[in-house]
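A.B. asks: fold the following.
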Amino acid sequence: MAMAQKIFIVNTGSASKKYALYGDGEREFYAHFEKENGGFIVNFVKGEAREKRAVSDSDYAGATLYAIKKMTDEGLIGGAGDITAIGLRIVAPGEYFTENRPVDAEFSKRLDEAKEWAPLHAISIISEIENLGAALPGVPIFAVSDSAYHSAMPSHSRYYGLPLDDAEKFGVVRFGYHGISFKSVLPKLESLSRVSADKAIFCHLGSGSSIMALKDGKSFDTSMGFSPLEGVPMSTRVGDIDAGAVVYLEKKSGFSPEEAENYFNSRCGLLGLSGKTGDVRELLNLEAAGDERAALALEIFVYKIKKYIGSYFAALGGADVLIFSGTIGERSPIIRSRICRGLESLGIVIDGERNNGVQSADGFIHHETDSPVKIAVIVSDEMGQMASETALALRSAAGGL
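C.D. replies: Numbering: from 1, shown residues only. Got it, this is the predicted structure:
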């Protein structure tokens, strides 16, 4: 009897780390490390069993080893030899990284080169690959591109207003991200809605947030661009900003390019606006206590999302459905309500009671009679999507067997 194909999925984001083990396509284990109440926690899921525990800063930093030890302690694996392959989410600018690829010498070389122009992203990926290589030696790693889904974007969405020769020469185009999440939502949307969704607007809202327009089953436009910095203000990322303001800030502050990248990635967004936190849950509590800067941060966040929804509504010529996913989109009825408030003229009318009843679950939240545009919450399954794509890469590497 053939052994089960076990695939270990690693998805490290800007403010959380997720790990999962799949056996022949079925999830056997899940670990989600994230911040809560100023500290770090991990939620484990094994079958129907769930466990939540606090973890230290060092445990969070070494979350990969922590998750592997937990899988071993639970008897899910005996060692590296029990794992068939690893699927690793890749967020990196560059045409090379818009395809799923094996992590080999060529991939490592390209990542090392990318450190010059995307140090924060490249260095974290390199570190993760090194950790996996040390913990699970000999297990093949496949890079699952977070940008691949956006490769079909039309040229008018892909290019900036740069000279085309320079854009092509230096590879400065809009790659887009969160493609794995968007791709995982589509089949669930089709199953849930049973109606045409040829024109859809997705709001993936979390520590990193992006808005995407879908037309005829393909990515039509997306808010993140060359890097995950573009778009709406995020937990610690600046979002859209005038290029002239970037140049001005660099001159006035004396930032080096590396310092400027770190500033725009880790000190701006909701954290910079509030001066206290980039966590929407904490900002809502601060707002309720009368904190004006927290209220302003939330107002700007919601406003920028509305602007993207409105612009995509115009670009698509209307929309069939508005979808919320991601940690904030799935868990926060308050933020969903604020985003939809004022969009009634577009045919987007939320139902308060239905909205409050849907948290971390799939469901419709639009007003049945007054909202021509359906509004849905769909829990994205990045891990399952990555497992499927890793399994496909394995078959391809084996010659389609």
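
A.B. asks: what is the mean pLDDT for stretch 246-257?
C.D. replies: Per-residue pLDDT values across stretch 246-257 average out to 94.

A.B. asks: show residues contacting it.
C.D. replies: Here stretch 246-257 makes contact (Cβ atoms under 8 Å, 6 or more residues apart in numbering) with Glu259, Ala260, Tyr263, Phe264. Placement of C-beta: from N, CA and C, glycine included.

A.B. asks: do stretch 136-146 as well
C.D. replies: The contact list for stretch 136-146, computed with Cβ under 8 Å, 6+ apart, reads 8, 68, 80-81, 83-91, 97-103, 107, 129, 132-133, 177-180, 386, 389-390, 393-394, 397.

A.B. asks: show the buried residues in the residues you listed.
C.D. replies: A residue is treated as buried here by neighbour count (16 or more other Cβ atoms under 10 Å); on that basis the buried members of those are 8, 68, 83-91, 97-98, 100-101, 103, 107, 129, 132, 177-180, 386, 389-390, 393-394.

A.B. asks: hang on, the earlier thing: which of the contacts of stretch 246-257 count as buried?
C.D. replies: For the contacts of stretch 246-257, a neighbour count by 16+ other Cβ under 10 Å gives the buried set as Ala260, Tyr263, Phe264.

A.B. asks: just put these in TSV and tack on distance to Ile141.
C.D. replies: Output for those, formatted as TSV (distance: Cβ to Cβ, whole Å):
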residue	distance to Ile141
Ala260	31
Tyr263	31
Phe264	29
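
A.B. asks: now do the contacts for Arg53.
C.D. replies: For Arg53, the contacting residues are Ile41, Val42, Phe44, taking Cβ under 8 Å, 6+ apart as the criterion.

A.B. asks: which ones among the buried ones among the contacts of stretch 136-146 are found in helices?
C.D. replies: Cross-referencing those against helices under DSSP state H gives Ile68, Phe107, Ile129, Leu132, Gly179, Ile180, Met386, Glu389, Thr390, Ala393, Leu394.

A.B. asks: show me where the stretch 151-300 of the chain has helices.
C.D. replies: Counting by DSSP state H, counting those that start in this stretch, the stretch 151-300 of the chain forms helices over residues 155-158, 164-170, 179-193, 243-253, 257-266, 269-274, 280-288, 292-316, given from the N-terminal end onward.

A.B. asks: out of those, which is closest to Ala376?
C.D. replies: Ala376 lies closest to helix 179-193 among those, at 6.4 Å (Cβ to Cβ).

A.B. asks: export only the CA atoms of the closest one, formatted as CSV.
C.D. replies: C-alpha atoms of helix 179-193 as CSV (Å, rounded to 0.1, in the frame of the first residue of the first chain):
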residue,chain,number,x,y,z
GLY,A,179,-3.5,36.0,-5.8
ILE,A,180,-3.5,32.8,-3.9
SER,A,181,-6.3,34.0,-1.6
PHE,A,182,-8.4,35.4,-4.5
LYS,A,183,-7.9,32.1,-6.4
SER,A,184,-9.1,30.1,-3.4
VAL,A,185,-12.3,32.2,-3.1
LEU,A,186,-13.5,31.8,-6.7
PRO,A,187,-14.8,28.2,-6.5
LYS,A,188,-16.4,28.9,-3.1
LEU,A,189,-18.1,31.9,-4.7
GLU,A,190,-19.5,29.9,-7.6
SER,A,191,-20.8,27.2,-5.2
LEU,A,192,-22.3,29.8,-2.8
SER,A,193,-23.9,32.1,-5.3
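
A.B. asks: could you list every helix and strand in contact with that helix?
C.D. replies: Taking 3 or more Cβ pairs under 8 Å, 6 or more residues apart in numbering; DSSP states H and E as the contact definition, the neighbouring helices and strands of helix 179-193 are strand 199-204, strand 210-215, strand 321-325, strand 374-377, helix 382-397.

A.B. asks: so what's the gap between that helix and the chain middle?
C.D. replies: 14 Å (Cα atoms, centre = their mean, to the nearest Å).
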